[in-house]
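**Q** mind folding the following:
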Amino acid sequence: MKVLEPIITTKPSNIYIEDVFIQNNSISGDKIDGGTITNFRSDGIKDTAKNKQIIIQDDKVEIKGPIEGADANLQTVTANAISSPTVTSHTVQSQKLNSQAIFADSVHVKDYIKVEKIKYNKAEADNFDVKKSVRINLREVLWEDRLGNSVINSALQEVGVLNKLQVGSTLSVEGHRVGINTKTPQGYFAVDQGGDQIVLDFKDGRAHMGMYTISDLDVGNGKTQITIKANGNVGIGVKQPTQALEVDGNIKYKGKTITSGALQPSTGNWQKGDICYNDDANVGDYVGWICVRGGNPGTWSKFGLIV
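**A** Have a look, this model is predicted:
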């Protein structure tokens, strides 16, 4: 500064920088207020750092410490952690992201996102936490405990234990076995009740339906029409058959109707060869009647004298 003393003492009206000799690195930054330094101008930067924190290069700006501010409007953001009320950028890449609002075309977060509002075209995250539901086009697709009602198609490979399942048309189960009330169906389809299973299966190229355990099986359309006992007896119209086959009603054998009664038939259409057994036969009576000419009721003749 001694070089400047003659000029300062005389107090000239104008001082031209070309007339002043200043040695390099001889002016303290404390003596400079405003102006342009090496083509850099700033009225809004206050530097209180004791160590180097910002490195500016032609292709990038390196910031060693955290960034704090009200808003960030950037083309690309890459950081280990971002904490800001609002982030607006075409691309955001960060380990952690904490913001009230994010506006970005692409978001890449490896750890977690914590935000009140996200508006994006594409987002990628290892963990994505929301308070209520995930929506697409304002339609809920995912809740904490269920899928949204708008989800009608899926390609689930495996699910856990289902307490309730409603199927519209088709049920497909891996392993080609379906069990209701049992985890061990004994056929392709099995319904268990108290340890007894009714099973639908295929064996040796034939369809099989029946009870897997030793229990009776009733078949009918609203009421029992066929009963299959555990011992193999079959009843048609009979719930407790005592023979291999017991029928309540007429039967047809090789085109001939077989019935029974105390008298020969007097009504109905009958064919030649039909038989009516006498269900009140005694010694001297006949076993029954046989139709020798068809008609209504036709012509009947006794047969089988009981002696």
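**Q** pLDDT on stretch 186-201, on average?
**A** Stretch 186-201 shows an average pLDDT of 89 in the prediction.
**Q** for that stretch, which positions count as buried?
**A** By neighbour count on 16 or more other Cβ atoms under 10 Å, the buried set for stretch 186-201 is 186, 187, 188, 189, 190, 192, 197, 198, 199, 201. Just so you know, the C-beta spots here come from the backbone N, C-alpha and C atoms, and that holds for glycine as well.
**Q** send me that stretch as CSV with only the CA atoms.
**A** Output in CSV follows, covering the C-alpha atoms of stretch 186-201 (Å, rounded to 0.1, in the frame of the first residue of the first chain):
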residue,chain,number,x,y,z
GLN,A,186,-56.9,-87.4,-2.3
GLY,A,187,-57.8,-86.6,-5.9
TYR,A,188,-57.9,-83.9,-8.5
PHE,A,189,-60.8,-82.4,-6.5
ALA,A,190,-61.7,-83.2,-3.0
VAL,A,191,-64.1,-81.7,-0.4
ASP,A,192,-63.4,-82.7,3.2
GLN,A,193,-65.8,-82.7,6.1
GLY,A,194,-64.7,-84.0,9.5
GLY,A,195,-62.0,-86.2,7.9
ASP,A,196,-64.3,-87.6,5.2
GLN,A,197,-63.5,-86.7,1.6
ILE,A,198,-65.7,-86.8,-1.5
VAL,A,199,-63.2,-87.1,-4.4
LEU,A,200,-63.3,-86.6,-8.1
ASP,A,201,-60.3,-88.2,-9.7
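**Q** which residues does it contact?
**A** 176-182, 185, 202, 207-213, 215, 217 (Cβ atoms under 8 Å, 6 or more residues apart in numbering).
**Q** again, only this time at 6 Å
**A** Contact with stretch 186-201 is made by 176-182, 208-209, 211-213, 215, as judged by Cβ atoms under 6 Å, 6 or more residues apart in numbering.
**Q** quick one: which of those residues is most hemmed in?
**A** residue 179 (18 neighbours; other Cβ atoms under 10 Å).
**Q** narrow the contacts of stretch 186-201 to those in strands?
**A** 178, 179, 180, 208, 209, 211 (DSSP state E).
**Q** burial count for the nearest residue to the last one once chain neighbours are set aside?
**A** Going back to what we said before, that points to residue 211. Nearest-residue entry for residue 211: residue 217, 5.1 Å, with adjacent residues in sequence omitted and distances by Cβ to Cβ, 6 or more residues apart in numbering. Residue neighbour count, defined by other Cβ under 10 Å, stands at 15 for residue 217.
**Q** so residue 217 sits against residue 224, correct?
**A** No. Taking contacts as Cβ atoms under 6 Å, residue 217 lies outside contact range of residue 224: 10.0 Å.
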